[in-house]
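Trainee: Any chance you can model this:
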Amino acid sequence: MSDFNLKTMMEKPERLAPGHRMCAGCGATIGVRAVLRALHEGDHAVIGNATGCLEVSSFMYPYTAWEDSYIHNAFENAGATLSGVETAYRALRKRGKLPKDETFKFITFGGDGGTYDIGFQSLSGAMERGHDMVYVCYDNGAYMNTGIQRSSATPMYADTTTTPVGTQSVGKMQNRKDLASIIADHDVPYVGQTTLTTDFKDIHRKAEKAIYTEGACFLNVMTPCPRGWRYDTAEIMKICKLAVETCYWPLFEVEHGKWTLSYEPKKKLPIEDFLKEQGRFKHLFKKGNEHLIEQFQAEVDRRWEDLQFKCSK
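Mentor: From the prediction side, this is the model:
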């Protein structure tokens, strides 16, 4: 790894050009830019992108916002597509058909719908085979591109178009899937969970580790969506900070099986501080729903304690 310098990192040329059609206050493109900043100067990248908000808003043939080689693949096969490209690259290098002095990295992006759900088989296969690539999930907690339907990344009690709040419903009834832990169980060299913290150090460090660790690596990045989460666009960094400080979205990494907490709040905030900033949870603050927040808090506490135990070994 190179010596980390935040100022140098932030001054790098952008590999995702402005002028795309993503919403104001969207976390996805902020996350993508932060990840791609971790590429070393002079290194090339092949970028894969599953169908979703990021793809439809950054690539409309023949126009693209991507400065590196780019492949749009179907919703379900981001892992398979880039693992195939990485295999072809290794085969061509072995045959001497590619310059030896050029370095290529293989990075694919998928939303939680195309990663946790529809693309999980493809992702799991790529991780198990150990391809030298990085899969980055930009997790906005629902199928946002097609109208805010629930996914397995959607948190409990969230109001979505397929789990609407009403007289007989309080939103999604199931807990969100812990995908980072599932991928860590594939025994891959590196897994990192991060988000858009105010100084960007965490996401930059983890992106560089993932890109320059040999083998299959995975980054899970919480990237809030203003339409689906219903927050003021200027509040995105506040939302991310509250997710970390309440331990709803803990920052951790797993390197060759070793779990490490990247950040532990000095004073863990109550989950309601995170929930009350989002319109998708406003029903939880109505009279008579206090027990729902207590249940949400209990699940956050359980997962936090489990993570602390894993990191203490």
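Trainee: Excluding sequence neighbours, find me the nearest residue to residue 152.
Mentor: Counting by CB to CB, 6 or more residues apart in numbering, residue 177 is the residue found nearest to residue 152 once chain neighbours are left out, at 4.2 Å. Using the backbone N, CA and C atoms, a C-beta is placed for each residue, glycine as well.
Trainee: so the one you found sits right up against residue 150, yeah?
Mentor: No. Here residue 177 does not reach residue 150: they are 11.6 Å apart, not a contact under CB atoms under 8 Å.
Trainee: which of those two has more neighbours?
Mentor: Ranked by neighbour count (other CB atoms under 10 Å), residue 177 and residue 150 place residue 150 first, with 24 against 16.
Trainee: Check the gap between the more buried one and residue 111 for me.
Mentor: 13 Å (CB to CB, to the nearest Å).
Trainee: Pull up the overlap in contacts between these two.
Mentor: Both residue 150 and residue 111 are in contact with residue 143, where contact means CB atoms under 8 Å, 6 or more residues apart in numbering.
Trainee: Determine the set of other helices and strands touching the helix or strand residue 54 falls within.
Mentor: According to DSSP states H and E, residue 54 maps onto helix 53-58. Here helix 53-58 touches helix 27-36, strand 104-111, going by 3 or more CB pairs under 8 Å, 6 or more residues apart in numbering; DSSP states H and E.
Trainee: Of those, flag the one that's most buried.
Mentor: Most buried of the helices and strands packed on helix 53-58, by mean neighbour count (mean count of other CB atoms under 10 Å): strand 104-111, with a mean of 26.
Trainee: Would you give the sheet partners of that strand, along with the direction of each?
Mentor: strand 44-50 (parallel), strand 133-139 (parallel) (DSSP bridges).
Trainee: Any buried residues in the helix holding residue 54, and which?
Mentor: For helix 53-58, burial by neighbour count (16 or more other CB atoms under 10 Å) applies to 53, 54, 55, 57, 58.
Trainee: Same check on stretch 299-307?
Mentor: 300, 303, 304, 307.
Trainee: and what of stretch 65-73?
Mentor: Within stretch 65-73, the residues scored as buried using 16+ other CB under 10 Å are 65, 66, 68, 70, 71, 72, 73.
Trainee: same check, this time on stretch 256-263
Mentor: 259, 262.
Trainee: Look at it and report the distance between its end residues.
Mentor: Using CA to CA, to the nearest Å, the end-to-end distance of stretch 256-263 comes out at 19 Å.
Trainee: mind listing what residue 70 touches?
Mentor: Contacts of residue 70 by CB under 8 Å, 6+ apart are 46, 47, 48, 49, 59, 64.
Trainee: Which of these sits closest to residue 218?
Mentor: residue 48 (13.7 Å; CB to CB).
Trainee: got a list of contacts for stretch 54-67?
Mentor: 13-22, 28-29, 32, 47, 49, 70, 72, 109, 111, 138, 145.
Trainee: before we move on, back to that, from the buried residues of helix 53-58, which is closest to residue 191?
Mentor: residue 54 (20.9 Å).
Trainee: what about the stretch 101-250 of the chain, any weak spots by pLDDT?
Mentor: Within the stretch 101-250 of the chain, no stretch has pLDDT under 70.
Trainee: which residues sit against stretch 108-117?
Mentor: With contacts defined as CB under 8 Å, 6+ apart, stretch 108-117 is touched by 28, 32, 47-54, 75-76, 78-79, 81-82, 119, 123, 133-145, 151-153, 177, 179.
Trainee: Any idea how far apart the tips of it sit?
Mentor: 16 Å.
Trainee: same deal with stretch 101-118?
Mentor: End-to-end distance for stretch 101-118: 37 Å, by CA to CA.
Trainee: For the stretch 201-313 of the chain, just list every one of the strands.
Mentor: 216-222, 252-255, 258-261 (DSSP state E, counting those that start in this stretch).
Trainee: for those, which one ends up most surrounded?
Mentor: Of the strands of the stretch 201-313 of the chain, strand 216-222 is the most buried (mean count of other CB under 10 Å), at a mean of 27.
Trainee: other SSEs contacting that strand?
Mentor: Strand 216-222 sits against helix 27-36, helix 120-129, strand 133-139, helix 179-184, strand 190-195, helix 201-212, with contacts defined as 3+ CB pairs under 8 Å, 6+ apart.
Trainee: Please tabulate these in CSV, including the columns distance to residue 105.
Mentor: Converted to CSV, the helices and strands packed on strand 216-222 look like this (distance: least, CB to CB, whole Å):
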stretch, distance to residue 105
helix 27-36, 10
helix 120-129, 15
strand 133-139, 7
helix 179-184, 19
strand 190-195, 14
helix 201-212, 5
